[in-house]
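Visitor: Requesting a structural model of the entry that follows:
(2 chains)
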Amino acid sequence: MSFSLATWNINSVRLRADLVTKLLREEAPDVLCLQECKSPVDKIPVELFAAAGYRHIVARGQKGYNGVAILSKLLVEDVGHRDFVARGDARHVAARLENGVTIHNFYVPAGGDLPDREVNEKFGHKLDFLTEMRDWFHGETPAKSILVGDLNIAPREDDVWSHKQLLKVVSHTPIEVDHLAQVQDSAGWVDVTRKDIPEGQLYSWWSYRARDWDAADKGRRLDHVWATPDIANAAHSSRVLRDARGWEKPSDHAPVFATFDL
DNA sequence: ATGGTTGCACAGCAA
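Guide: Below is the predicted model of the structure:
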């Protein structure tokens, strides 16, 4: 059995519902994980997605902020969520496919501007969120699991347009990279995207603030697809749909894809 | 060095 999956920070699922359906119709992943839906669950345009063939939806939402959803052509079971750092934020949801694979969809806090928890509470929140992810997965020791989402960290030097210029910029600081590595180590998570594309610059996010995002190409790889070691070797064909960043009224993130043969 | 844009929701915060 083979299935494909994509993760996309949509930055408002209602404003960009037509872009979601465009992606579903043109790229047709079996499962699409969305972050930053910025919508209560009951206001997600589920009929639109069902009409495109995605009849199974597992989501957590809140008004205006955060929000994660898993849209699927395949039957999925809602296997819950965890309120990381106990703020009542909708930043995690999990679903299980009939083949036994569990998919965790995360929206990790962005962390504010200053990379110092003493002066920026949001940075501390981000680090604490990552620490709780590490401890949770360490205790769970998951098998046949996939973890995707906007993790808001670009860990490698070639995951950012300038390693040197971003060392003190939130998303690429050594302490964040270390925290993310500890999450990854907690369950032996394999970075599927980099397993498939080991070399070269690779980005999934480009700021809205650039005059010409495509020409400047000052991107970062903030969106990730990870898998536990038992299924990581079944993954292939990873890619970033950079084109989507150039669509009309785009999200600032592009979707990241992977396929699993199980 | 600074400011640049977007979404939500209607001011200013979060990203």
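
Visitor: Are we agreed that residue A:18 is in a helix?
Guide: Yes. The assignment for residue A:18, made by DSSP: H, G, I helix; E, B strand; the rest coil, places it in a helix.

Visitor: neighbours of it, just the number please.
Guide: Residue crowding around residue A:18 was assessed by other Cβ atoms under 10 Å; the count is 13. For glycine as for every other residue, the C-beta is placed from the backbone atoms N, C-alpha and C.

Visitor: Spell out which parts of the stretch 51-200 of chain A neighbour DNA strand B.
Guide: Contact residues of the stretch 51-200 of chain A with respect to DNA strand B, defined by Cβ under 7 Å from any atom of the strand, are listed as A:63-65, A:109-112, A:122.

Visitor: Quick check: residue A:244 vs residue A:96, distance?
Guide: Remark: distance between residue A:244 and residue A:96 (Cβ to Cβ, to the nearest Å) = 27 Å.

Visitor: Name the residues of the helix or strand where residue A:24 lies that come out as buried.
Guide: Taking DSSP states H and E as the criterion, residue A:24 maps to helix A:17-27. Residues of helix A:17-27 classed as buried under the neighbour-count rule (16 or more other Cβ atoms under 10 Å) are A:17, A:19-21, A:23-24, A:27.

Visitor: Which of those residues sits closest to residue A:53?
Guide: Using Cβ to Cβ, residue A:24 comes nearest to residue A:53 of these, at 7.1 Å.

Visitor: The closest residue to that closest one other than its chain neighbours: what's it in contact with?
Guide: The shortest distance from residue A:24 to any residue that is not its chain neighbour, by Cβ to Cβ, 6 or more residues apart in numbering, is 4.4 Å, and that residue is residue A:52. With contact taken as Cβ atoms under 8 Å, 6 or more residues apart in numbering, residue A:52 is in contact with A:21, A:24-25.

Visitor: Out of the residues you listed, the closest to DNA strand B would be?
Guide: Taking Cβ to the nearest atom of the strand as the measure, residue A:21 is the one of the contacts of residue A:52 closest to DNA strand B, at 15.9 Å.

Visitor: I'd like the distance between the residue lying closest to the closest one once chain neighbours are set aside and residue A:91.
Guide: Using Cβ to Cβ, 6+ apart and skipping residues adjacent in sequence, the residue nearest residue A:21 is residue A:52, 5.1 Å away. Distance, residue A:52 to residue A:91, using Cβ to Cβ: 26 Å.

Visitor: one step back: run the contact check for the helix holding residue A:24 versus DNA strand B.
Guide: No. Helix A:17-27 lies apart from DNA strand B when judged by Cβ under 7 Å from any atom of the strand; the minimum separation is 9.9 Å.

Visitor: Can you name the next helix or strand after that helix?
Guide: Read in the C-terminal direction, the helix or strand following helix A:17-27 is strand A:31-35, with elements assigned using DSSP H and E.

Visitor: That following strand versus helix A:17-27: what angle between them?
Guide: Our comparison of strand A:31-35 with helix A:17-27, counting by axes from the mean of the first three to the mean of the last three Cα atoms, to 10 degrees, yields an angle of 150 degrees.
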